[in-house]
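what follows is a predicted structure for the sequence shown.
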Amino acid sequence: MEASIQEVARLTGTTSRTLRHYDAIGLLEPSRVGDNGYRWYDDRALVRLQRILLLRGLGLGLPDIRRVLEREQDETAALRHHLDWLRSEQRRLERQAASVERTITARENGGPVVAEDMFDGFDHTQYKDEVEERWGKDAYASSDAWWRGMSDDEREAWKATTARLATEWGEAAAAGTDPLSDEAQHLARRHVAWLGGIPGTPGYGTPPVKEYVLGLADLYVADERFAASYGGVAGATFVRDALHEYAARHL
């Protein structure tokens with residue numbers, strides 16, 4: 001397949017100017033340029049553009065996207081990681097959409113509104129018992145109050161940051177990055193800072209305590225829910241090993 005710059009702009013909802021800018025900064029080069037100056041994009045370029053748009057959707061800036069793409073050796077593995085995250089979001093949004101539909105139906109028909117149905121897919125307290133068992137009631141209460149106190153924009157920004165970090169972990173793992181490398185340790189530093197920014201975690205406001213970081217790192221591998229965030233057990237193992245090394249060096 002080969003598509004002109006106008007076709008690509010139409011299909012992706014972007015602009016020809018944006019695509020030319022991507023070319024100018026070395027982010028996305030066309031596969032060829034015609035005698036008339038038109039840019040054309042083949043399968044390889046289109047796959048790269050798809051990845052760029054996915055990373056943009058997670059909130060990454062162009063310099064970060066270029067860095068991620070440059071270090072990535074396996075496009076298919078990276079796209080599988082994106083797909084896992086998108087399917088997870090799809091399931092959550094499907095539940096929210098269904099709950100809104102039920103609310104509309106109840107209001108239109110004069111029927112009762114069932115709270116459990118209204119907020120399916122919205123609940124951030126689903127892990128309340130588990131959090132209290134692992135880290136105590138104060139931990140859950142603090143984080144719950146913090147979350148409820150956020151504006152919608154703040155929550156979305158936090159979710160984007162979280163998704164961005166998980167994506168970069170997955171990209172690094174798929175690229176075969178050494179957990180002891182500077183790149184992996186940079187991710188680990190950001191991860192530890194992210195953990196320390198969540199009220200209720202041991203060491204909130206300061207670097208989290210070493211045992212907490214090590215325990216979570218091990219949990220990422222042991223619990224399939226966490227492992228899925230990093231592309232599966234292999235990705236989670238990479239995150240664990242990098243965090244263990246960071247903890248040994250700095251905590």
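Happy to help now that I have it. Nothing here was measured: the structure is a model prediction, and the numbers come from that model.

what number of residues lie near the closest residue in space to Val233 that isn't next to it in sequence?
Nearest non-adjacent residue to Val233, counting by Cβ to Cβ, 6 or more residues apart in numbering: Ala227, 5.1 Å away. All C-beta spots, glycine's among them, are computed from the backbone N, C-alpha and C. The tally of other residues near Ala227 (other Cβ atoms under 10 Å) stands at 20.

from Pro207, how far out is Ala227?
The gap separating Ala227 from Pro207 is 25 Å, by Cβ to Cβ, to the nearest Å.

and what of Arg51?
Computed as Cβ to Cβ, the Arg51 to Pro207 distance reads 33 Å.

do Trp146 as well
Distance from Trp146 to Pro207, by Cβ to Cβ: 18 Å.

I'd say the residue nearest to Val233 and Gly235 touch.
Yes: here Ala227 reaches Gly235: they are 7.3 Å apart, a contact under Cβ atoms under 8 Å.

okay, and the common contacts of those two?
Counting by Cβ atoms under 8 Å, 6 or more residues apart in numbering, Ala227 and Gly235 have no common neighbour.

by mean pLDDT, which helix or strand of this structure comes out lowest?
Ranked by mean pLDDT, DSSP states H and E, the weakest helix or strand in the chain is helix 115-118, scoring a mean of 50.

and the strands in the protein, which stretches?
Here the chain has its strands, by DSSP state E, at 2-4, 32-33, 39-42.

looking at these, which is nearest to Ser99?
Closest approach to Ser99 among the strands of the chain (Cβ to Cβ): strand 2-4, 39.0 Å.

gap between that closest one and the chain center?
The chain centre lies 30 Å from the centre of strand 2-4; the measure is Cα atoms, centre = their mean, to the nearest Å.

kindly report the same for stretch 145-157.
With Cα atoms, centre = their mean, you get 17 Å for stretch 145-157.

so for that stretch, mean pLDDT?
In this model, stretch 145-157 has a mean pLDDT of 78.

now it: buried residues?
Neighbour counts over stretch 145-157 (16 or more other Cβ atoms under 10 Å) mark Trp147 as buried.

could you tell me the end-to-end distance of it?
Across its full length, stretch 145-157 reaches 17 Å between end residues, using Cα to Cα, to the nearest Å.

now stretch 168-185
12 Å.

what about the nearest residue to Arg80 once chain neighbours are set aside, distance to Leu83?
Spatially, and ignoring its direct neighbours in sequence, Arg80 is nearest to Gly231 (6.9 Å; Cβ to Cβ, 6+ apart). Gly231 is 10 Å from Leu83, where distance means Cβ to Cβ.

who has more neighbours, those two?
Ranked by neighbour count (other Cβ under 10 Å), Gly231 and Leu83 place Gly231 first, with 26 against 13.

I'd guessed that one sits against Ala173; true?
Yes: taking Cβ under 8 Å as the contact criterion, Gly231 and Ala173 are neighbours in contact, 6.4 Å apart.
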